[in-house]
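Novice: How does the following fold in three dimensions:
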Amino acid sequence: MRVEEMYLIEAEAAAQLSPAEGKTLLEDFVKTYRNPKYVCNASSKEEVVDECFLQKRIELFGEGLIFFDYKRLNKSVTRYYPGTNFAVARRYNTEGRPAWMNFVFVQQEASVMLLWLISTILILQVCIPHRLNNWICQT
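Specialist: As a prediction, the model looks like this:
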């Protein structure tokens, strides 16, 4: 985790509670570490959060961390626009969070996972106390 990410998370969290405070934190970060002439023109909560999102996209480009922000904020993915460098097969736009970002577990997998979890718990309840008692008795 990078310190820059922490500054941007703090600014976004503050913007959720107080847009003015979030805007101040964002401007302070960008002016101090990136661009002394930066001015955030956002005023509403949504605009400040969107600006934090944009700055995260710029700062964390190529690191894969913005994926979680797309999901959490229900952002649309825009990859088809004039001058894009996305591969032809990847040029698409979505309305809201795309369905491919959701991890889906089918019922069969969920059932198998539940059976595995229950059997593991039962094994641990039987084996660990037995081994612990044997260990204590031997010492």
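Novice: so where's this protein uncertain?
Specialist: Applying pLDDT under 70 to the chain flags the ranges 105-106, 126-139.
Novice: Got the domain ranges for it?
Specialist: 3-73, 105-139 (automatic domain parsing).
Novice: now do the same end-to-end measure for stretch 88-101.
Specialist: Its first and final residues considered, stretch 88-101 spans 20 Å by Cα to Cα, to the nearest Å.
Novice: Which neighbouring elements make contact with the helix or strand in which residue 58 is found?
Specialist: For residue 58, the host element (DSSP states H and E) is helix 45-59. Helices and strands touching helix 45-59, by 3 or more Cβ pairs under 8 Å, 6 or more residues apart in numbering; DSSP states H and E, are helix 3-17, helix 19-33, helix 66-73. In short, each C-beta sits where N, CA and C put it, glycine included.
Novice: could I get these as JSON lines with distance to residue 59?
Specialist: JSON lines is the format used below for the helices and strands packed on helix 45-59 (distance: least, Cβ to Cβ, whole Å):
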{"stretch": "helix 3-17", "distance to residue 59": "5"}
{"stretch": "helix 19-33", "distance to residue 59": "9"}
{"stretch": "helix 66-73", "distance to residue 59": "9"}
